[in-house]
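Asks: Coordinates only, no sequence provided:
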């Protein structure tokens, strides 16, 4: 009975598990004790790893990778906006939202992979600085939330049934939440450069 | 005022960069559709038509914020090699967009539901993707000072960057 219940509500159970895990991490001050232990990793990333070396030594390579990071973020933005504005009934109203959701997801996954890979490279070059920036950690948190939201909540729900069977308000909330999260990821990323 | 105000400059630049997600995001979806990489089962002209408006809104915001950014630091920008290449690429990208749009309107609709667009439109899409990637890259290079006027001694580079003082001093 329990396994049947869990299989029906896998995403919700996963979300509750994540929220509980975060609450426990805060309750037992795990985050506060983990944070200082990450500093050696960030220092290694900048001064000893080959990506850190490339980023520090070759400014043109670093700037080019930054440009690729920006382009991949633009594509993420494009896929998110097209999907979510369709769910909100603003764009592409004559095309079924199921088609749009499925047709852009592959592109989103590839762009996210490129954005993460290039983002690691960019962070490695300034790892000793970003470690101390609150905005960097907010971006990491937003990225984690966005990825979990996309792969464990939004996509499973939208692929589970015809969108006409889902409450329109649920679709609207999904779309607004998605736009907000990915906008936060992009905006905090831009703000790292100003900090 | 735009440069000295910490938040005014940051907001302006952040808006310019974040609007990429609307303008270039929409444009790339259209180009990707022509190449059959996204939404292959959906009418290509429908995608191009419906995404035209958000794309234009994005480009208008980028144009206004871009003008203000240049207005705030006119000499640095006008004498930047990257800025000059970016402007050339922008002009080429707009010409390509105009040609692409004309070709799409002129083509008969038999290809519209095909997985990929005809060769001419696919070429236009690849040129568009390349030019806009170049525009973004050049925009990203502008803050770097590798080829700023005081650092360059090569005459061709000085000429290309419009470094009048350095050229006169030679």
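Replies: Perfect, thanks for sending it. Keep in mind that what you see is a predicted model, and the values were worked out from it rather than measured.
Asks: Okay, and the residue positioned nearest the centre of chain A sits in which element?
Replies: Nearest residue to the geometric centre of chain A (Cα atoms, centre = their mean): residue A:143, 2.9 Å. Element membership of residue A:143 [criterion: DSSP states H and E] is helix A:134-148.
Asks: which residues are in contact with that helix?
Replies: Applying Cβ atoms under 8 Å, 6 or more residues apart in numbering or on different chains, the contact partners of helix A:134-148 are A:15, A:18, A:112, A:116, A:123, A:130, A:178, A:181-182, A:184-185, A:188-189, A:191-192, A:195. Using the backbone N, CA and C atoms, a C-beta is placed for each residue, glycine as well.
Asks: same for chain B: which of those residues are within range?
Replies: When contact is defined as Cβ under 8 Å from any Cβ of the partner chain, these meet chain B at residue A:191.
Asks: which among the contacts of helix A:134-148 end up buried?
Replies: A:112, A:123, A:130, A:178, A:181, A:182, A:184, A:185, A:188, A:189, A:191, A:192 (16 or more other Cβ atoms under 10 Å in any protein chain shown).
Asks: For chain A, just list every one of the helices.
Replies: With DSSP state H as the criterion, chain A has helices at A:2-8, A:10-27, A:30-37, A:39-47, A:50-57, A:59-87, A:97-125, A:127-130, A:134-148, A:155-160, A:168-192.
Asks: distance between the second one and the chain's centre?
Replies: If you compare the mean C-alpha spot of helix A:10-27 with that of the full chain, they lie 17 Å apart, counting by Cα atoms, centre = their mean, to the nearest Å.
Asks: Run through the residues of chain B sitting next to chain A.
Replies: So chain B meets chain A at B:10, B:13-14, B:17-18, B:20-22, B:24-29, B:32, B:37-42, B:46-47, B:50-51, B:54, B:133, B:136-137, B:139-141, B:144, B:146 (Cβ under 8 Å from any Cβ).
Asks: And for stretch B:144-162, what's in contact with it?
Replies: Taking Cβ under 8 Å, 6+ apart as the rule, stretch B:144-162 contacts A:59-60, A:63, B:78-82, B:84, B:163, B:165-167, B:170.
Asks: Show me just the buried residues among the residues you listed.
Replies: Among the contacts of stretch B:144-162, the ones that count as buried by 16+ other Cβ under 10 Å are A:63, B:79, B:80, B:81, B:82, B:84, B:163, B:166.
Asks: Inside helices: which ones of the residues you listed?
Replies: A:63, B:81, B:82, B:84, B:166.
Asks: circling back to that earlier point, out of the buried ones among the contacts of stretch B:144-162, who's nearest residue A:23?
Replies: residue A:63 (41.1 Å; Cβ to Cβ).
Asks: So, low pLDDT: which residues of the chain?
Replies: Since no chain was named, I'll use chain A. Residues of chain A that meet the criterion pLDDT under 70 lie in A:1-2, A:4-8, A:11, A:195.
Asks: let's do chain B instead
Replies: Along chain B, the model assigns pLDDT under 70 to residues B:1-4, B:6, B:108.
Asks: And the helices in it?
Replies: Under DSSP H, chain B gives helices at B:6-18, B:20-34, B:44-72, B:74-78, B:81-106, B:119-141, B:155-161, B:164-169.
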